[in-house]
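Visitor: Have a look at this prediction, sequence included:
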Amino acid sequence: MATNTKIEVDTVAEASSTPSKPQPSTSLTPAQIAAALKSRGWEAEIITDVSMGSEMVSVDPEGILKCVDGRGSDNKKFGGPKMPGGIYAIAHNRGVTSLKGLKEITKEVASKGHVPSVHGDHSSDMLGCGFFKLWLTGRFDGMGYERPEFDADQGANAVKEAGGTIEMHHGSHTEKVVYINLV
């Protein structure tokens, strides 16, 4: 991993959600996240909403709710909200592992005025989302999360059937700064 890559952890507030299943008990503080990233060679600092004032942008309701993947995309509606894994992250964090549940989340996101999406890439097709690949292959098992009951193609089709968008990424990762917002 390049040492010039920087991670910034935003500590504005804690997230609130209504999980469909009990949430794993593993919880990390911003300081623990920063320490873990530093131990892997990243630069990391903890920031606050006050320090981000000039960099905050409004969310465009016509922009897709998407993964934070910074590669090029065939979809140009980038003004929507971002989170690692996009729709998959919402399902994962709520303990939703079924296609039915994924479709319900897709419809919920759309009902809130956002365009739900998942992505693939030029080399791995629909398994091109790193977050989904980690979830599917059990990299979150040790944190108490169950794996999805569907593969990447089935998940993408479910999101599309429920009114979401599929985008395809191309090129290599060249991100220099990643913000982790714990709101």
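Guide: Here it is on my side, so go on.

Visitor: For the longest helix seen in the chain, name the packing helices and strands.
Guide: Among the segments of the chain that qualify as a helix by DSSP state H, the longest is helix 99-111. Packing partners of helix 99-111 (3 or more CB pairs under 8 Å, 6 or more residues apart in numbering; DSSP states H and E): helix 87-94, strand 115-121, helix 152-161. In this view, the C-beta of every residue, glycine as well, is placed from N, C-alpha and C.

Visitor: how near is Val68 to Asp151?
Guide: Per CB to CB, to the nearest Å, Val68 is found 22 Å from Asp151.

Visitor: okay, those two: which has more neighbours?
Guide: Val68 (17 against 13; other CB atoms under 10 Å).

Visitor: Mean pLDDT lowest where, among the helices and strands packed on helix 99-111?
Guide: For these, mean pLDDT drops lowest on strand 115-121, to a mean of 88.

Visitor: from the middle of its chain, how far away would that strand be?
Guide: The chain centre lies 10 Å from the centre of strand 115-121; the measure is CA atoms, centre = their mean, to the nearest Å.

Visitor: Quick one: low-confidence residue ranges for the protein.
Guide: Filtered on pLDDT under 70, the chain yields the residue ranges 1-27, 53, 56, 72, 178-183.

Visitor: Number of residues surrounding Lys112?
Guide: That count, for Lys112 with other CB under 10 Å as the rule, works out to 11.

Visitor: what's the answer for the one 10 residues further on, then?
Guide: Other residues near His122 number 13, with proximity taken as other CB under 10 Å.

Visitor: Tell me which of the helices and strands packed on helix 99-111 sits nearest to His170.
Guide: strand 115-121 (6.8 Å; CB to CB).

Visitor: which is the next helix or strand following the closest one?
Guide: Where DSSP states H and E defines the elements, the next helix or strand beyond strand 115-121 is helix 130-136.

Visitor: Give the other helices and strands that that following helix contacts.
Guide: In terms of contacts (3+ CB pairs under 8 Å, 6+ apart), helix 130-136 is packed against helix 87-94, helix 152-161.

Visitor: wait, what's in contact with the most centrally placed residue in the chain?
Guide: Residue closest to the average C-alpha location in the chain (CA atoms, centre = their mean): Pro84, at 1.9 Å. Contact analysis of Pro84 by CB atoms under 8 Å, 6 or more residues apart in numbering lists Cys67, Val68, Phe131.

Visitor: Tell me how many other residues surround the last one.
Guide: Think Phe131. 20.

Visitor: mind checking which of the helices and strands packed on helix 130-136 is nearest Leu136?
Guide: Of the helices and strands packed on helix 130-136, nearest to Leu136 by CB to CB is helix 152-161, at 6.9 Å.

Visitor: For Val50, grab the count of nearby residues.
Guide: 7.

Visitor: again with the one 4 residues further on
Guide: Residues within reach of Ser54, counting by other CB under 10 Å, total 5.
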